[in-house]
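>>> One predicted model, sequence on top.
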Amino acid sequence: MKVFVNKRIPEIGIKLLEQEGLEVVFPKNEVLSHEEWLSYCRNADAFLSIGNDFKYNREFFEACPNVKAIALYSVGFDHVDIKEATHRHVHIGNTPDVLSRATSDVAFLLMQSVARRASYNFQKVKEGKWEGFDPLHALGQELYGKTLGILGLGRIGFEMAKKSQKAFDMEIIYHNRHRNEEAEKELGAAYVSFEELIKRSDVLSIHANFTPEQKDLFNSSVFEKMKSNAIFINTARGGFQNEKDLYEALASKQIWGAGLDVTNPEPMSEKNPLLELSSVCVLPHIGSATIEARNGMARLAAENIIAFSRGEKMPHCANP
Ligand code: DGY
């Protein structure tokens, strides 16, 4: 069986595929045009897919009828039309759990960075504008005892809530499709409506799966209901935020600040006005970028392909 892998991944994943006797095909060039990408996929039986630039939709499945398995090198699968894949019996695998800690670490890092204006202050030092002690300039806010609102309390949200509670004794409220009984029991997390979540949160952190219906969920009508000291954190998908409305909410001080590891589109343009604001910290989608998480993702993605090649169900399957 031929497995197309569109970028280099940690060796552990490739070794597992090769030990299983699978033929691994890498592209000559890692930056592929749409046509090149389709042509690699057409000649493969399975695809280990890195990045979410390419969409797996009806057009793709029609163009590559041989591909019967796609192991995503990500936990998110918003770039896949799961309904269409399932209808065509294409197995879709993802990489949950192994990146939950790493991704929640980035949410936690952004929360503190924005609360203490770390990126703004760092920028000042870099520009030679460190002007000495000033009792009133660039004051941050403390997080102790504040309310952390989590949208999407799954594995990553749980890790973020746990850390924030331990470090800052934060009260946890959440909104989700389903109640999370473990979080309610272990962290005393309280389930609230979306309206209550946005009104009560001092820090609002998104950890939900992104679906097209949630595009621009965080827009001016939501930002205007948030607290003036609220910190908006997004490590999930950039599509959740309307960036123009976010800019206006921040520039007019409707909310305190924003920490983004995801933007819409990615990469964010260096001309994006959000980057001019001292209340914003943007990272280039590094949630899972640790050695441990990326090794884990390589292992899970390979295990998904191997299971498929043996005619078994993928251990981490995104199909219903
Ligand atoms: C994920 O695993 O979904 C990360 O966001 C990388 O795309």
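Looks like it arrived, so ask away.
>>> make it CA atoms for all contacts and neighbour counts henceforth
OK.
>>> what's across from the residue nearest to Ala44 when sequence neighbours are not counted in the sheet?
Excluding the flanking residues, the one nearest Ala44 by Cα to Cα, 6 or more residues apart in numbering is Lys2, at 5.1 Å. Counting by DSSP bridges, Lys2 forms beta bridges with Glu23.
>>> List the buried residues in stretch 156-173.
Across stretch 156-173, burial judged by 16 or more other Cα atoms under 10 Å covers 156-165, 169-173.
>>> can you tell me which of those residues are in strands?
Glu171, Ile172, Ile173 (DSSP state E).
>>> Now for the last one: which residues touch it?
In this case it means Ile173. The neighbours of Ile173, taking Cα atoms under 8 Å, 6 or more residues apart in numbering as the test, are Thr147, Leu148, Gly149, Ile150, Ala189, Ala190, Tyr191, Val192, Leu197, Ser201.
>>> which phi and psi does the third one have?
Recorded main-chain torsions at Gly149 are phi -100, psi 130, according to degrees, to the nearest 10.
>>> For Asp134, see how far away it is.
Look at Gly149 and Asp134: by Cα to Cα, to the nearest Å, they are 32 Å apart.
>>> hmm, which two among the buried residues of stretch 156-173 are most spread apart?
Maximum pairwise distance among the buried residues of stretch 156-173 (Cα to Cα): 18.4 Å, between Ile156 and Asp169.
>>> next one: phi and psi at Pro273?
According to degrees, to the nearest 10, Pro273 has phi -60, psi -20.
>>> Excluding chain neighbours, what is closest to it?
Tyr247 (7.2 Å).
>>> What count of nearby residues applies to that neighbour?
Per other Cα atoms under 10 Å, the neighbour tally for Tyr247 reads 21.
>>> which helices and strands sit right next to the helix or strand it falls within?
Tyr247 belongs to helix 243-251 when assigned by DSSP states H and E. Using 3 or more Cα pairs under 8 Å, 6 or more residues apart in numbering; DSSP states H and E, the elements in contact with helix 243-251 are helix 220-223.
>>> So in that sheet, which strands flank whatever helix or strand comes next after the helix it packs on, and in what orientation?
Downstream of helix 220-223, the first helix or strand assigned by DSSP H and E is strand 231-234. When sheet partners are counted by DSSP bridges, strand 231-234 sits next to strand 203-206 (parallel), strand 257-260 (parallel).
>>> Go ahead and name everything in contact with the first one.
When contacts are taken as Cα under 8 Å, 6+ apart, the neighbours of strand 203-206 outside the stretch itself are 107, 111, 146-152, 157, 197-198, 230-236.
>>> can you list the residues of this structure near the ligand?
Within the chain, the positions near the ligand by Cα under 6 Å from any ligand atom are Gly51, Ser74, Val75, Gly76.
>>> I'd like these laid out as TSV, including pLDDT and secondary structure.
Listed next are those as TSV, based on pLDDT from 0 to 100; DSSP: H, G, I helix; E, B strand; the rest coil:
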residue	pLDDT	secondary structure
Gly51	93	coil
Ser74	98	coil
Val75	97	coil
Gly76	97	coil
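>>> Identify each buried residue in stretch 132-149, please.
Leu143, Lys146, Thr147, Leu148, Gly149.
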